[in-house]
Structure formats: structure tokens, C-alpha cells
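Engineer: build me a model:
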Amino acid sequence: MKRLPFVCVCIVMIAVLFQTAIATPARIIHLQPQQTPLTVHVEKQSLNHLQGLKKFVDEYFAEKMDEEKVPGVAVVVVKDGKIYFQQGYGYANVDEKKPVVPDKTLFRVASISKLFTATAIMQLVEQGKIDLKNPVNEYIKDFQLDNNFLQPITIANLLTHTSGLDVNDIGMSARTQNLLQPLSEHLAKRKPLQIQPPGIISTYSNYGIALVGYIVERVSRIPFAEYIDKKILQPLGMQHTTFLQPPPPSLKSDLAIGYEYKDNFYQPQPYTYEHQVPAIALSTTATDIANFMIAHLNQGRLYDNEILQPDTVKEMQRQHFTSDTRIPGIAYAFQEQFRNDVRIIRHGGLIEGFVSQLILIPQDNIGVFVVCNSTSTLDSQFIREFLNRYYPIENKPNLAAAKSLKALRRLNGNYLDTITSQTTIKKFFEPYYFTVEIKPDNTLVYDSRQYVQVAPMLFLSLEGDKYISFKQRKNAIYLFDGIFTLRQKNWYENLSFQILLYKIFFSIFIFACLCQPVKLALIYFNRKFKLFNFIHLPRRLSFIITENQSSYIISRTKLLIVLIAYVNLLFIVIGRLIIPYKQSEFFRIIYGVNPAYKILLSMPIISGGMTVILTYYICLIWKNKKGTCIQRIYYTVITGAALMFLTFLNYWNLLGFRF
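Structural biologist: This next block holds a predicted model:
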């Protein structure tokens, strides 16, 4: 009996040891650093934070996919170093009824490619091979950027879209794989002009990030796609991801088809081959992207593999530029967004038949990725609803307390986004216009959303989720919307005024074209039938129906006026016939400028040459007082219209071959 307590103690100890032996392996596996940096406590918090996620996502896409005409969607949510939720909805191939599988179906994610390119350049920064503050031209040898300002363009400027380079997307894509150009060759041929000093204004640039990828290629001496595969995709276990176009045979059969819903039918979109690979060309699965998000949320690590050091991740994800310190800006490639007191970094993607969104919430170790195989807004709508649900805005702006905006009526007007090309014909084909209107209830309407002023020239959306601001620089008013910059247009830039000019020019050239034939007809009928014998015409107007002998210079002036009018009218008519088809496969300028455009653009050059000669003749006519005063005025008006038309064409970059 005396030994009973000792025996009991032994039994208890054995039981504890046995229980520990059973439990320990499971806990060690769960808490191993190379598997996940989390603790059980954090994981329980994450489960509470995203409560009801599956039900919410399932119900959302069950309702919205048909409404938005989206055939297929893949979604993945990561939390605390793990895939918390992933699901595919609908079809990757409508005709074959091939379902979307999140760890198998490849989607084209377009500009989300930029995050991989930025990650690659940061790896080289870690190795001391690149300094982001150094001029770009130090790292490229095959060609050089033209610096039009004293301050050189740096790699940091490229990563924050503040290089000052104009946008030039002409010829950025190819219809077939055989037409794909080597990256260096394409970048050398398609160099955009620098129209702003670097570091002043953000202008979203595919070319800029493609150039970053080329620098990765040159400095590492490894082809870009191969570098990304070795240094990022393989360490992160992204076996279903590639920058190759098309994907290699092992992945090609899993690539989703992109669609556009048109005429009650899902129409497959052609596969475009992108020359600017580092900026646009990534194809991946939702599961693979999850690994990339986890690495960026986990200080550059996935399990025991590190793609970036913690300090580098922090540097990459912090804000490096903002147009206004009161609104979100841009990190290196990542764009900022604020939701309540939570900072979000994100990027979207848009390419033929595909849209996608990726957001990271570093504060809560959460990442969300959604991709659709149709050109819709469902991706951004879903992200907004996700944030509304899990990061609700408690204090929305009070419309009743909105400040009077009478003093800010000058903000009213049309605005031009700086992503509109200023130096190429793309300005004419794809101008990005937005309207700002101040309503009587003191709300400001921009891009279909309402805003109230919460500080001088700072506005918050009525939903409470977005800030925009305005600033006056010199004589221009600028609107800042995240990384996008818009400039208020001058009166002469307004589309209504430009259309009025177009109609005036058209009418003048029609008149000039018809004037001479009508005159000849009147002369003929007057000869034959004496129609105008009973009309007493003033002597100054007798040139209308008489055959006065004209001097050599008057004859040539008449001929030039008719020729110029016919050429300009032909340019207007043919252009008007072509423009409605500018988005068709044949006329799309993302594939380059086809012969039809080149022939069309040659007409203003011919007309311009004749107009210069005509101007010289007009000067001689006035100097030598040739012809009647009415004739001289008429010739001068037509010449002035022809010169103004050249100015009009020059404004739209249609004078010369500007592409």
C-alpha cells in the first residue's frame, strides 16, 4: 500500500510521456519554420477573420457570372502562409465544357507579370549588381533612351511609372509566334519619346517595365523567361506558370480560352503574342499565384526557399511615389490602396479575353487573386465586395455635411489621362477622356462615382473607399487618381470643339471641290442658253460665270486649291470609313500600322506640300494685285483653311508617319 502512490505517479508519468510522444510529431510538423511560420493561435484568428468566406464566394459567383457574362473564374485566398480557400467556377473552354480547375487551368494575367519582373530586378539589387538610383542607360548597350531633360531616367523611375516617357503601344503585339521580336530589338524600335522630366508625373507604362525585364536579362546574362523560371518560379514550386508564348506543350492544353460576350454568344478571342514579355506575357494558375503571394507576405520566403530577403521585400512594398501625400501612391510595381486603417498593395491585369486582380494585405497576411476568361469588370467588382465584407468602412462621408463647392467650379470639365499618347497616332485612335462635374448637392462626379470634399482639393467617394485630389500646376489643373494622372483639357482640346472644326473643314473642302465644277457648268449653260442675260451682275462678281483670261499664277492657284480640297476631302472620307473598324483584327494598331493607314497618312503630306506652294502663290497674288479683290479673298480663305487643317492634323499626330 505504501508503494501505491509511487506506482500511481509512475503510471501518470508514463501516460504523459506516451501522450507527448504521440502529439509531438504532429505539432513539430505543423510548426516547422520551413512549412509555415505560423502558430496555432494565429491560425485560429485567421479562421475567425475570414468567417463564411466559402459561402460568400460561392454565392457571389453563382449570381454574378451569368449577369456579367463570364464563362470561367478562378479564385484563391491565402492567409498566414497557407492557401485558405481556392475554387474554380464555370468553364475554361465553353465549347468543350472544360471546367476551371484552380491548380491546373492556366490564365493569362497580363500586367500582373510586372510584379514578377519587379521581384527579379530586386534580386539583382540584393546581389549588388544593380542600383535602382542609377541611370537606365548605364545598364543597356544595344540602344539608349533619349533623355530630353537634365535629370536622367533611373530604374526606380521605371518601377514607379515616373520616367516621363510617352505611351507608345503601337505594334506591341503580334498575330503569330513567327512575328515575335526579340525583346532588345522591339524595345530599340519602339522607343517612346520623353515628354516630362522624370519623377514628376506618373504615366502607366508597359514599355518601362519591359525595359526593366531587359535589364534583368542583360545583367544576369540569362534570357528573361529562363531567369524568371530559375530564380522565382522553381523556388516557389510554380510548375504551371510560364512567360513563354504560347505555353510549352506540357501546359498549353490547360490554357483557358479568352472570350468576349457579343451577340448573345461567347466569342473566343485570338491569342495575341506580346513583344513586351516582362510587362504582359505571364500565364499561370490560381494555385501557383498563391505561392507568389505567400512569399511576398512572408518576407520573401515560401517554406525553406527564399526569393527575396526581408529588407528587400519591405523596400519593394513601401511607397516610393505619390502625386499627393494625402492619397495612395505606388511602391515598386505594386499599387497602393487604403481601406479603413488597412493598407493594401495590388495590381490588375487586362489582355484579350482575360481580366485579373491581385491584392495583398500585409497587415493581416492576406492575399486574394481572382481571374476571369472574359473582358469584364467582374474581377474588380469581386475585390470590392470582398473588401466591403471583411474590411467594412464604418464612417462613410456624410452628404448632408458636404462643403460648398461653388468656389471650385473651375474643376468642372473634361480631363485627359496621361496614358493617352501625346506623340503618336494612338492619340487619335485611343484618347482616354474623363469628365468631372460638380452637382448642385455639392458632390463631385468623376468616372461614374460621386465624391465629397473632405479637405482642400481632396475628395472621398461616397462609399468611403477611394480618394482623389486636384492640384493646379502653372496654368493646368491636374486630377490624381492613385498612380493615374489626368490633366484638365484646354478649351480647344475639348472633343466637341474638335468635332466642330472637323465639320467646318469638311464643309469648306466640299465647297472648294464643287466651286470650280459648278462655275464651269454655269459658264457652259450661260453660253448655250444665255440664262444670265437678264441678270445684271456686279463687275466684281462677273468671274463667277465668265471666262476672263487669268494670269499664270491665278490658273495655278485655282488648280492647287481644287487639288488640295480633293486630297483633304478624300483623307477625311476614307478616314471616316476606316475609323469604325479600328478595333477589328485587320485595323488594330497594337499589331502595327498596316498599309491602309500608311496610304491614308501619306495624303496629308501631299496636301501639306501643295499648301506650302499655295501659300507662296497667295502672297504673290496679293503683292502683285492679281485677280479681283473677291478672288483674292476667296483664295486666301481656302488657303487659311488648308493651313489650319494641317494644324488640326498635327494636333492629332496625323501629319506625318508618327508611330
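Engineer: and after the longest strand seen in the chain, which helix or strand comes next?
Structural biologist: Secondary structure of the chain read by DSSP state E shows that its longest strand is strand 82-93. Sequence order places strand 98-99 as the next helix or strand after strand 82-93, per DSSP states H and E.
Engineer: I'd assumed Tyr227 was in contact with Val216.
Structural biologist: Yes: contact criterion C-beta atoms under 8 Å: Val216 and Tyr227 qualify, at 5.9 Å. In this view, the C-beta of every residue, glycine as well, is placed from N, C-alpha and C.
Engineer: joint contacts of the two?
Structural biologist: Ala120 (C-beta atoms under 8 Å, 6 or more residues apart in numbering).
Engineer: distance from the chain centre to the longest strand of the chain, please.
Structural biologist: 27 Å (C-alpha atoms, centre = their mean, to the nearest Å).
Engineer: strands along the stretch 301-450 of the chain, start to end?
Structural biologist: Along the stretch 301-450 of the chain, the segments classed as strands by DSSP state E, counting those that start in this stretch run 301-302, 305-306, 335-339, 342-351, 354-361, 366-372, 413-417, 433-438, 444-446, 449-455.
Engineer: summarise which helices and strands the fourth one is packed against.
Structural biologist: To tie it back to what came earlier, the one meant is strand 342-351. Contacts defined by 3 or more C-beta pairs under 8 Å, 6 or more residues apart in numbering; DSSP states H and E place strand 342-351 against strand 107-110, helix 113-126, strand 335-339, strand 354-361, helix 378-390.
Engineer: compare those and give me the one nearest Ile345.
Structural biologist: strand 354-361 (5.1 Å; C-beta to C-beta).
Engineer: so which elements touch the closest one?
Structural biologist: strand 107-110, helix 286-297, strand 342-351, strand 366-372, helix 378-390.
Engineer: please identify the pairing partners of it and their relative orientation?
Structural biologist: If you go by DSSP bridges, strand 354-361 pairs up with strand 342-351 (antiparallel), strand 366-372 (antiparallel).
Engineer: higher neighbour count, Val216 and Tyr227?
Structural biologist: Each of Val216 and Tyr227 has its neighbours counted (other C-beta atoms under 10 Å); Val216 has more, 26 against 23.
Engineer: the helix or strand containing that one to helix 113-126, inter-axis angle?
Structural biologist: Using DSSP H and E, the element containing Val216 is helix 206-220. If you take axes from the mean of the first three to the mean of the last three C-alpha atoms, to 10 degrees, helix 206-220 sits at 40 degrees to helix 113-126.
Engineer: could you pull up the mean pLDDT of helix 206-220?
Structural biologist: Here helix 206-220 scores 97 as its mean pLDDT.
Engineer: which helix or strand lies directly C-terminal to that helix?
Structural biologist: Next along from helix 206-220, by DSSP H and E: helix 224-228.
Engineer: list the buried ones in that next one?
Structural biologist: 224-225, 227-228 (16 or more other C-beta atoms under 10 Å).
Engineer: report the buried residues of stretch 459-471.
Structural biologist: Going by 16+ other C-beta under 10 Å, stretch 459-471 has these buried residues: 459-462, 464-470.
Engineer: list the contacts of the nearest residue to Leu302 once chain neighbours are set aside.
Structural biologist: Excluding its sequence neighbours, the residue lying closest to Leu302 (C-beta to C-beta, 6 or more residues apart in numbering) is Ala295, at 4.6 Å. The neighbours of Ala295, taking C-beta under 8 Å, 6+ apart as the test, are 236, 301-302, 307-308.
Engineer: in JSON lines, list those along with neighbour count, pLDDT and distance to Ala279.
Structural biologist: Formatted as JSON lines, the contacts of Ala295 follow (neighbours: other C-beta atoms under 10 Å; pLDDT from 0 to 100; distance: C-beta to C-beta, whole Å):
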{"residue": "Leu236", "neighbour count": "22", "pLDDT": "97", "distance to Ala279": "20"}
{"residue": "Arg301", "neighbour count": "23", "pLDDT": "96", "distance to Ala279": "26"}
{"residue": "Leu302", "neighbour count": "23", "pLDDT": "95", "distance to Ala279": "24"}
{"residue": "Ile307", "neighbour count": "23", "pLDDT": "97", "distance to Ala279": "20"}
{"residue": "Leu308", "neighbour count": "22", "pLDDT": "97", "distance to Ala279": "20"}
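Engineer: so which of these is the closest to Leu180?
Structural biologist: Nearest to Leu180 among the contacts of Ala295, with distances taken as C-beta to C-beta, is Leu236, at 26.2 Å.
Engineer: give the contact list for the closest one.
Structural biologist: Leu236 sits next to 288, 291-292, 295, 302, 305, 307 when contact means C-beta under 8 Å, 6+ apart.
Engineer: mind redoing it with 6 Å?
Structural biologist: By C-beta atoms under 6 Å, 6 or more residues apart in numbering, Leu236 lies in contact with 291, 295, 302.
Engineer: any chance of those residues in CSV, with distance to Asp58 too?
Structural biologist: Shown next, in CSV, are those (distance: C-beta to C-beta, whole Å):
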residue, distance to Asp58
Asn291, 24
Ala295, 28
Leu302, 28
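Engineer: out of those, flag the one nearest to Leu124.
Structural biologist: Lowest distance from Leu124 to the contacts of Leu236 (C-beta to C-beta) belongs to Ala295, with 17.1 Å.
Engineer: domain map for this structure?
Structural biologist: Domain ranges of the chain: 4-49, 53-390, 399-489, 495-651, per automatic domain parsing.
Engineer: out of those domains, indicate the one that is most buried.
Structural biologist: Mean neighbours per residue, mean count of other C-beta atoms under 10 Å, is largest over the domains of the chain for domain 53-390, with a mean of 20.
Engineer: span of it from start to end?
Structural biologist: 9 Å (C-alpha to C-alpha, to the nearest Å).
Engineer: Met316 and Leu115: what is the separation?
Structural biologist: Distance of Met316 to Leu115, computed by C-beta to C-beta, to the nearest Å: 9 Å.
Engineer: what do you get for Gln472?
Structural biologist: Taking C-beta to C-beta, one finds Gln472 at 34 Å from Leu115.
Engineer: which intervals of the stretch 201-350 of the chain have sub-threshold pLDDT?
Structural biologist: Applying pLDDT under 70 to the stretch 201-350 of the chain flags no residue at all.
Engineer: Ala279 sits in which helix or strand?
Structural biologist: Counting by DSSP H and E, the element that carries Ala279 is helix 277-280.
Engineer: mind putting the helices and strands packed on strand 354-361 in a markdown table, distance to Thr420 included?
Structural biologist: Shown next, in a markdown table, are these (distance: least, C-beta to C-beta, whole Å):
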| stretch | distance to Thr420 |
| --- | --- |
| strand 107-110 | 20 |
| helix 286-297 | 31 |
| strand 342-351 | 17 |
| strand 366-372 | 26 |
| helix 378-390 | 21 |
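Engineer: out of those, which gets nearest to Pro270?
Structural biologist: For those, the distance to Pro270 is smallest for strand 342-351, at 11.2 Å, taking C-beta to C-beta.
Engineer: need the CA coordinates for stretch 122-141. PDB is fine.
Structural biologist: C-alpha atoms of stretch 122-141 as PDB (Å, rounded to 0.1, in the frame of the first residue of the first chain):
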ATOM      1  CA  MET A 122      15.100  43.400 -56.700                       C
ATOM      2  CA  GLN A 123      17.000  40.100 -56.600                       C
ATOM      3  CA  LEU A 124      19.800  41.700 -58.600                       C
ATOM      4  CA  VAL A 125      19.700  44.700 -56.300                       C
ATOM      5  CA  GLU A 126      20.300  42.400 -53.400                       C
ATOM      6  CA  GLN A 127      23.300  40.900 -55.200                       C
ATOM      7  CA  GLY A 128      24.800  44.400 -55.700                       C
ATOM      8  CA  LYS A 129      24.600  44.100 -59.500                       C
ATOM      9  CA  ILE A 130      22.100  46.900 -59.900                       C
ATOM     10  CA  ASP A 131      21.500  50.300 -58.100                       C
ATOM     11  CA  LEU A 132      17.900  51.500 -58.700                       C
ATOM     12  CA  LYS A 133      19.000  55.100 -58.500                       C
ATOM     13  CA  ASN A 134      21.500  54.700 -61.400                       C
ATOM     14  CA  PRO A 135      20.500  55.900 -64.900                       C
ATOM     15  CA  VAL A 136      18.900  53.300 -67.100                       C
ATOM     16  CA  ASN A 137      21.300  53.900 -69.900                       C
ATOM     17  CA  GLU A 138      24.200  52.500 -67.800                       C
ATOM     18  CA  TYR A 139      22.600  49.000 -68.000                       C
ATOM     19  CA  ILE A 140      21.700  48.900 -71.700                       C
ATOM     20  CA  LYS A 141      24.100  48.800 -74.600                       C
END
